[in-house]
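[1] Pasted the sequence and its predicted model underneath.
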Amino acid sequence: MKPRFILFRPPWRTLFLLFAIGLLLVTSYTLWSPGAKVSDGRHDLGRNGVWMQHGWLGHDDWFERYQRDTQRFRNKAALEKLAVNFSSQRFTYLFPHLCPCQRSGQIDSVDHDQVERFLDHFPDQQVIPWIGGVLNEHCFLDNERWRKEFIHSTVALLDRHPRLAGVQINIEPLPSGNTDFLQLLTELRAAMQKDKILSVAAYPPPTILHPFPSVHWEESYFRSVAERVDLLVPMMYDTSIRLPKFYQHLMKNWTHQVLTWSGETQVLLGVPAYDDGGADYHDPRVENLEHSLHGIHAALASYPSLPQNYQGIAIYSEWEMESHEWATLKQAFFQTP
């Protein structure tokens, strides 16, 4: 057909074509099943993790700075309730917030008596404070003096409280290829007590669905980080995705990738349980426990047996978990006695 005849094509033909394309896309999406439902607990090893609030360990100056009430965290009943909940919900790794560090590299202060009270209530869990901060605001990785102070204060915390299982580093954003971060991990591992866990809140692999390189790690860099630590916890959320099945598909792919790229390093898969509604980076109707677990189940079901480095999931975060989310975990993931 010559181009000039297109101008005289009846408009209903164009509308019909657009309708047919739209119907095909909707039908394809409806029939697509990228995730999987698993309710028998087969993927729960009882070694899951959870990110926790600053107040459980933080010094009183943190409460004063942010005008928070210490009573929520500093009473025996609150600790006992937390301990009962986490022991029954099959958590092993607890990551209490201890960020951001000072610009000097000194990690945030703790209430030493409270740390010991907290540890008294969790004798069977691995308590691993979550330390770090914002890159080039709190964390200056290319500064040798900063790294030395960060490492010195970290080791001092572990010396003061030997029942702490280790530390988890979380620095955001952290672009792939940052060699100063690798240097920090190497130096920290050498300085830390040999029986302590060095963990990293890691970034997931790149994806066309979220083209922001500052919060994704290429395979070679992911492997380099994995070689220097004991436990990786990739943060598999904040993707800006608006369609649930696309997020499930991404979680499936990411699960395969991070378990492969981590080598022998242990892995907890970080899953979202928070709101932040209205933020352009997160839609809680899409990024939630139900959809993330569907993607993870689909990936794990494809293995003849679970990978040796797979430990479980890590929930972000304890302070935003609501009753329906605990119910989702029980129904869609936890192995009940």
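    Nice, I can see it.
[2] got any ranges where the stretch 1-150 of the chain has weak pLDDT?
    Residue ranges of the stretch 1-150 of the chain with pLDDT under 70: 1-10, 12, 16-17, 19-30, 32.
[3] how does it look with 80?
    For the stretch 1-150 of the chain, the stretches with pLDDT under 80 are 1-32, 87-88.
[4] Where do the strands of it begin and end?
    48-52, 91-96, 126-127, 130-134 (DSSP state E, counting those that start in this stretch).
[5] okay, those strands in CSV with distance to Arg242 next?
    (C-beta placed from N, C-alpha, C; glycine too.) CSV is the format used below for the strands of the stretch 1-150 of the chain (distance: least, CB to CB, whole Å):
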stretch, distance to Arg242
strand 48-52, 25
strand 91-96, 29
strand 126-127, 36
strand 130-134, 27
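[6] how about the helices in the stretch 201-337 of the chain?
    Remark: helices assigned in the stretch 201-337 of the chain by DSSP state H, counting those that start in this stretch are 219-226, 244-261, 289-300, 323-332.
[7] on that earlier part again, which of the strands of the stretch 1-150 of the chain sits closest to Gln248?
    The minimum distance between Gln248 and the strands of the stretch 1-150 of the chain falls on strand 48-52, with 19.7 Å, by CB to CB.
[8] Given the closest one, what are its sheet partners and their directions?
    Using DSSP bridges, the strands paired with strand 48-52 are strand 91-96 (parallel), strand 310-316 (parallel).
[9] about what we covered before: for Asp195, which of the strands of the stretch 1-150 of the chain is the nearest?
    Nearest of the strands of the stretch 1-150 of the chain (CB to CB): strand 126-127, 11.6 Å.
[10] and the residue nearest to Arg228 when sequence neighbours are not counted, what helix or strand is that in?
    Spatial nearest neighbour of Arg228, chain neighbours left out: Leu185 (4.1 Å); criterion: CB to CB, 6 or more residues apart in numbering. Leu185 belongs to helix 179-191 when assigned by DSSP states H and E.
[11] just to revisit the earlier point, which among the strands of the stretch 1-150 of the chain is found nearest to Gly35?
    Comparing these by CB to CB, strand 48-52 comes nearest, at 19.3 Å.
[12] quick one: contacts of the closest one?
    Here strand 48-52 makes contact (CB atoms under 8 Å, 6 or more residues apart in numbering) with 86, 89-97, 130, 233, 268, 311-319.
[13] report the angle between the axes of the helix holding Leu185 and strand 130-134?
    Angle, helix 179-191 to strand 130-134, by axes from the mean of the first three to the mean of the last three CA atoms, to 10 degrees: 160 degrees.
[14] mind listing what's buried in helix 179-191?
    Across helix 179-191, burial judged by 16 or more other CB atoms under 10 Å covers 180-182, 184-185, 187-188.
[15] and if you look at stretch 285-303?
    286-300.
[16] Contact partners for the residue nearest to Gly277 when sequence neighbours are not counted?
    Nearest non-adjacent residue to Gly277, counting by CB to CB, 6+ apart: Pro284, 5.7 Å away. Remark: with contacts taken as CB under 8 Å, 6+ apart, Pro284 is in contact with 272, 274-277.
[17] Go again with 7 Å.
    275-277 (CB atoms under 7 Å, 6 or more residues apart in numbering).
[18] If you rank the residues you listed by neighbours, which is first?
    With neighbours taken as other CB atoms under 10 Å, the top of these is Asp276, carrying 15 neighbours.
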